[in-house]
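Chemist: no sequence for this one, just the structure:
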């Protein structure tokens, strides 16, 4: 199966005065019983509005798939609007609904610690902060090692530039629960990269760019170019005695040789633009000029895109 690109973005619902509203009171479909339209699903997830985007194989298809799904979701939300905010605080009344207290996501995996990560449910329930993701779904004939490599390279080629592309001030609070480096899941179709917020769903230009970076990264790993940065000591991992060692940690045998992986993780986690500038030089040297020039252009935009003006 060749490369495909999809998403399942989440959005905040706002009224005509830009007040935050719970999607539970606005949308009919739930995650268990979504509204279906063609191949796409529309529903509320916790207090957020969510939709699925039909997987695409080309940039043009991806943009049109987003446009179609966002148009349907925006119509379903009327007279309210959908807004690509990474996080929002809801009032106490909105938090009383049982679904507002439910974590509907499966556990994430960390590509660096090589273990599952889950949100502290008690902390989540006590908080009135809810966060929205713009997860990237990549389909293709990719094995487990390739999945890890794609996630790590996406952190470099996409997670780092995102710190300059993302103009949403609510993105940093999202990292209280989600959005750290290297977060992913492995659905049947391949890979779900979960580190990004929904900022990039706000315009066709950003969707086009994210598609290009995702496809480039997929092909970069498929051609094994990532091996200049990462070394996996498979020879030692094939030794049964190594696995029997008391202090064995599989992550110790996945070694980053091309850059400081710990600094990259910290940089993305703290949304540290100063530290990110170090990695951007590496990003520029690896990405095609056509892609990096788009990053530079869109990074210069001072305010977030208006979703309605951009798409409709």
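Modeler: Alright, I've got the coordinates. Note that the structure is a prediction, hence the values are computed from the model and not measured.
Chemist: backbone phi and psi for the closest residue to residue 231 other than its chain neighbours, please?
Modeler: Sequence neighbours aside, residue 255 is the residue nearest to residue 231 in space, at 4.8 Å (criterion: CB to CB, 6 or more residues apart in numbering). The way it works is simple: take the backbone N, C-alpha and C, and place the C-beta from them, glycine included. Comment: the main-chain dihedrals of residue 255 come out as phi -120, psi 130, following degrees, to the nearest 10.
Chemist: and the pLDDT at residue 255?
Modeler: Residue 255 is assigned a pLDDT of 97 by the prediction.
Chemist: now swap in residue 1 and tell me
Modeler: Looking at residue 1, its pLDDT reads 61.
Chemist: got it, and the one 4 residues further on?
Modeler: You'll see residue 5 listed with a pLDDT of 98.
Chemist: quick one: residue 76 is in a helix?
Modeler: Yes. Residue state for residue 76 (DSSP: H, G, I helix; E, B strand; the rest coil) corresponds to a helix.
Chemist: how many residues are close by it?
Modeler: 20 (other CB atoms under 10 Å).
Chemist: let me see the contact set for it.
Modeler: Listed by CB atoms under 8 Å, 6 or more residues apart in numbering, the contact partners of residue 76 are 27, 28, 35, 42.
Chemist: how does it look with 7 Å?
Modeler: Remark: with contacts taken as CB atoms under 7 Å, 6 or more residues apart in numbering, residue 76 is in contact with 27, 35, 42.
Chemist: tell me which of these is nearest to residue 150?
Modeler: Using CB to CB, residue 42 is the member of the contacts of residue 76 that lies nearest residue 150, at 28.3 Å.
Chemist: now do the strands in the stretch 101-250 of the chain.
Modeler: Remark: strands of the stretch 101-250 of the chain, listed N- to C-terminal, are 108-110, 115-117, 129-131, 136-139, 183-185, 190-193, 230-232; assignment by DSSP state E, counting those that start in this stretch.
Chemist: would you turn the contacts of residue 76 into JSON lines with secondary structure?
Modeler: Formatted as JSON lines, the entries for these read as follows, by three-state DSSP:
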{"residue": "27", "secondary structure": "coil"}
{"residue": "35", "secondary structure": "strand"}
{"residue": "42", "secondary structure": "strand"}
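Chemist: hmm, back to that, report how many residues lie close to the residue nearest to residue 231.
Modeler: 12.
Chemist: hang on, isn't it packed against residue 227?
Modeler: No. With contact defined as CB atoms under 7 Å, residue 255 does not reach residue 227; the gap is 11.3 Å.
Chemist: follow-up on the earlier one: got the contacts of residue 76 as JSON lines, with pLDDT and distance to residue 177 columns?
Modeler: Formatted as JSON lines, these follow (pLDDT from 0 to 100; distance: CB to CB, whole Å):
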{"residue": "27", "pLDDT": "96", "distance to residue 177": "22"}
{"residue": "35", "pLDDT": "97", "distance to residue 177": "26"}
{"residue": "42", "pLDDT": "98", "distance to residue 177": "23"}
